[in-house]
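Enquirer: When you get a sec, could you give me coordinates for this:
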Amino acid sequence: MEEKQLLQELLTEVRGIKTDMKDFKQEVNQRFDQVDERFNQVDEKFIQVDERFNRVDEKFIQIDGRFNRVDEKFIQVDERFNQMDEKFDQVDGRLANLENGQEELKGMIKHSFTLMTENMTNIRRDFRQHAQDTKADIDLLFRETEELKRKTNRFEQRLGH
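Expert: Predicted coordinates:
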């Protein structure tokens with residue numbers, strides 16, 4: 001009689017573990033759904049960031065076009081200044097300073113764009129790493145669930161024999 005009662009208690013405990021496992025599985029599924037939602041939100045943010053970068057690229061193209069037009073104007077001005085050597089020596093000095101500033105600005109813009117590109121690369125790498133870490137966590141959870149299921153099956157088999 002005691003064996004029957006002990007077996008009944010074990011069966012009750014195994015059923016409780018099985019119920020706990022179902023609850024745990026539901027909780028894990030809910031968390032996966034939350035992770036999926038967050039990934040969708042991140043994707044939307046990436047699309048927005050990409051659109052912003054496209055707008056920035058268009059602005060840089062416009063600025064380059066403007067700088068090209070400015071360069072063309074400077075060439076025309078230089079030709080006129082060459083015709084009037086003695087009277088405009090001071091203006092030539094100022095123009096040289098302006099061109100140096102322009103080159104510095106171009107260099108700063110190129111440097112800023114390079115930094116933004118590197119930052120974007122780092123962000124993408126971080127997201128890739130995060131995705132890999134999440135996948136590893138998910139794989140671990142599945143292995144643990146599988147191990148618990150095996151133990152439950154063994155208990156059920158022992159109780160059945």
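
Enquirer: Please make it C-alpha for all contacts and neighbour counts, starting now.
Expert: Fine.

Enquirer: the longest helix in the protein is where?
Expert: The single longest helix within the chain, with elements called by DSSP state H, is helix 2-83.

Enquirer: roughly how far is the next helix-or-strand element following that one from the heart of the chain?
Expert: Where DSSP states H and E defines the elements, the next helix or strand beyond helix 2-83 is helix 89-160. A distance of 5 Å separates the centroid of the chain from that of helix 89-160, by CA atoms, centre = their mean, to the nearest Å.

Enquirer: Helix 89-160 packs against which elements?
Expert: The elements that helix 89-160 packs onto, with contact taken as 3 or more CA pairs under 8 Å, 6 or more residues apart in numbering; DSSP states H and E, are helix 2-83.

Enquirer: any idea of the angle the helix it packs on forms with helix 89-160?
Expert: 170 degrees (axes from the mean of the first three to the mean of the last three CA atoms, to 10 degrees).

Enquirer: how close does Q102 get to L115?
Expert: As judged by CA to CA, to the nearest Å, Q102 and L115 stand 20 Å apart.

Enquirer: and those two? which has more neighbours close in?
Expert: Taking other CA atoms under 10 Å, Q102 and L115 do not tie; Q102 has more neighbours (15 against 12).

Enquirer: Can you name the residues that contact that one?
Expert: For Q102, no contacting residues are found, by CA atoms under 8 Å, 6 or more residues apart in numbering.

Enquirer: same thing with E103?
Expert: Contacts of E103 (CA under 8 Å, 6+ apart): none.

Enquirer: Try it again at 10 Å.
Expert: 97, 109 (CA atoms under 10 Å, 6 or more residues apart in numbering).

Enquirer: Per-residue pLDDT of it, please?
Expert: On the pLDDT scale, E103 is placed at 93.
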